[in-house]
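# Got a sequence here, can you build the structure:
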Amino acid sequence: MNRGNTIAIPDRLKPFVRAVWYIDGAADNAFPNYADGTPGIVFQQRDTGVFDCDNPAKIPGGYIFGQTVKPVVLNAPKNCIIIGIVLYPHVLQSLFRFNASEITDDFVDLQLLSDIPRIDLYDQLWSTNNPQQQLNLIFRYLEALIKKNSAEPDKGLQYAVSRIMQGKERVSFKKIHTELNLSERTFERKFEQHVGVSPRLLANIAQFQTSLKQLKGGKYHHLSDIAYENGYSDQSHFIRSFKKFTGVSPLQFVKQLSESFYF
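Here you go, the predicted structure:
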């Protein structure tokens, strides 16, 4: 699996696309999807595509997914090629012209949206096995979408999200909405429309992600170290938050980490 650290993103897409990942289908994959603050787009071969391990329904060949809050495990069988586009948290509304909160913990089939360019992308995408050619097709598709919708990310929300996603820092939401010259209610409503979750929930997700990284890296002696270093009030607070986003306690997660190849 290539998570896209070396994939060059075209300049026109850089305000929207944070990263790209690619599963080459060389083996069966089962992988958890935890809250990380980012929505995205997935393209996959429709005849062998990803399934939600807890839901027998097959996921469509091309779909947009919103913010993930509840943990979900996906199953990608062998020979299934999957390409993922990771978007910045605040760009769904400007890119696709719908309220981002409508697909939080959900997804929508790309073909059901009326505001996307109607191009024969799928047939072109899977007529080649060259990853770079496939990515070039997707990049051109996104560039056409941006042009069609005259899409530009909201700079105020970009600023707010960048502040909140720092993770360990305690963020003053009042300071942010004051700096943006917005009332608290207007800021929160606009934030949910563009990001899909409230500012506080995004801050909790960012905090969870920094603690998850520390836990997976083994950079702690006690769980209380992770709790205090990541701004939780105490160890119990950290455990409750961690379980909310993963479905398991930190100790259970570490046990699974040592037993499983896909975390």
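
# Report the residue ranges of every domain in this structure.
11-149, 154-263 (automatic domain parsing).

# weakest of those domains by average pLDDT?
Sorting those by mean pLDDT places domain 11-149 lowest, at a mean of 85.

# circling back to that earlier point, okay, the domains of the chain in a markdown table with mean neighbour count next?
Using the backbone N, CA and C atoms, a C-beta is placed for each residue, glycine as well. Listed next are the domains of the chain as a markdown table, based on neighbours: other Cβ atoms under 10 Å:
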| stretch | mean neighbour count |
| --- | --- |
| domain 11-149 | 17 |
| domain 154-263 | 17 |
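
# for the stretch 51-200 of the chain, what spans make up the strands?
Taking DSSP state E, counting those that start in this stretch as the criterion, the stretch 51-200 of the chain carries its strands at 51-52, 62-65, 72-76, 82-87, 107-109.

# Nearest to residue 7, out of these?
Distance to residue 7, taken as Cβ to Cβ, is lowest for strand 82-87 among the strands of the stretch 51-200 of the chain, at 10.1 Å.

# Which residue is most remote from the mean position of this protein?
residue 221 (29.8 Å; Cα atoms, centre = their mean).

# Look up how far residue 20 lies from residue 132.
11 Å (Cβ to Cβ, to the nearest Å).

# Likewise for residue 89?
17 Å.

# got it, and residue 217?
24 Å.

# and if you look at residue 202?
Applying Cβ to Cβ, the value for residue 202 to residue 20 is 22 Å.

# For the spatially most central residue of the chain, which non-adjacent residue is closest in space?
Nearest to the geometric centre of the chain sits residue 38, at 3.0 Å (Cα atoms, centre = their mean). In space, and not counting its chain neighbours, residue 38 is closest to residue 86: 5.3 Å by Cβ to Cβ, 6 or more residues apart in numbering.

# contacting residues around the one you found?
4, 17, 18, 19, 20, 21, 38, 40 (Cβ atoms under 8 Å, 6 or more residues apart in numbering).

# So what does the fourth one have for phi and psi?
Backbone dihedrals for residue 19, given as degrees, to the nearest 10, come out at phi -160, psi 170.

# now the fifth one
Geometry field for residue 20 lists phi and psi as phi -130, psi 140, criterion degrees, to the nearest 10.

# Ok, the one 3 residues further on next?
For residue 23, the backbone dihedrals are phi -110, psi 120 (criterion: degrees, to the nearest 10).

# same check, this time on the one 4 residues further on
Geometry field for residue 27 lists phi and psi as phi -150, psi 170, criterion degrees, to the nearest 10.

# how near is it to residue 258?
20 Å.

# One more: residue 207?
For residue 207, the distance to residue 258 - Cβ to Cβ - is 24 Å.

# Next: residue 73.
18 Å.

# any residues touching stretch 124-133, and which ones?
Here stretch 124-133 has contacts from 2, 22, 24, 43, 45, 81, 83, 134, 137, 138, using Cβ under 8 Å, 6+ apart.

# Kind regards, and thank you for your time.
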